[in-house]
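In: Next comes the sequence, and after it the predicted model I'd like to discuss.
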Amino acid sequence: MAARQRAPVVLLPTLVRALRKETPSKYPMVLPSLRRTFSLYDQINLIDNVPEDQLRFQEYDDTGFKVNGVKYEGSLLCVGNLLLNWVPQKFSDISVESLSLFKIVRPVPEILVFGCGRYIQPLSPELRSFIRSTGMKLEVLDSRNAASTYNILNEEGRMVAAALIPYGITS
């Protein structure tokens, strides 16, 4: 019995070393969904009536995103269920002018989810001030998590916007 109790403790360091050596899977990477909660039998559907025209980020790669089955290259700006190509191709290109759409869009989104590329980066005080002046709250994330957050908030029926730079962009 004593040998049986020691076995998991002996195997733990080996398992940790194996996990550290594990390389991330190759593209495309599928984003998680809250549409299903997995029970023992994987049969509970929490959200039955999701509109077909609702935007849903399904995958991402270094150059763009797959939304509702369509691959888009480059940066994207999403407002509610409207999807637009966005001019900035890297984080340093983002300016108040590139977000000027939010001066006129009505209703004003409740929150702007900002995807900075591969790594989270701080927004300039000028950009933060502009976003606050529109009445939106701001969430700054890497693009992978920003796309997932957009999906979650959109599925909840909240008025949400997203400004996303491709995941492969690092500066």
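Out: Sure thing, it's come through.

In: For residue 132, see how far away the residue most central in space within the chain is.
Out: Centroid-nearest residue in the chain, with C-alpha atoms, centre = their mean: residue 147, separated by 2.0 Å. Distance of residue 147 to residue 132, computed by C-beta to C-beta, to the nearest Å: 23 Å. Placement of C-beta: from N, CA and C, glycine included.

In: Next: residue 140.
Out: Counting by C-beta to C-beta - residue 140 and residue 132 are separated by 13 Å.

In: still on that earlier bit, wasn't the residue nearest to the centre of the chain part of a helix?
Out: Yes. The assignment for residue 147 (DSSP: H, G, I helix; E, B strand; the rest coil) places it in a helix.

In: Residue numbering should commence at 11 henceforth.
Out: Okay, using 11 as the starting number, the last item reads as residue 157.

In: which stretches of this protein form helices?
Out: 12-31, 135-143, 153-165 (DSSP state H).

In: which stretches of this structure have low pLDDT?
Out: Regions of the chain meeting the criterion pLDDT under 70 cover residues 11-23, 25-26, 28-61, 181.

In: these two touch, right, residue 164 and residue 63?
Out: No. Checked against C-beta atoms under 8 Å, the pair residue 164 and residue 63 is beyond contact range at 11.4 Å.
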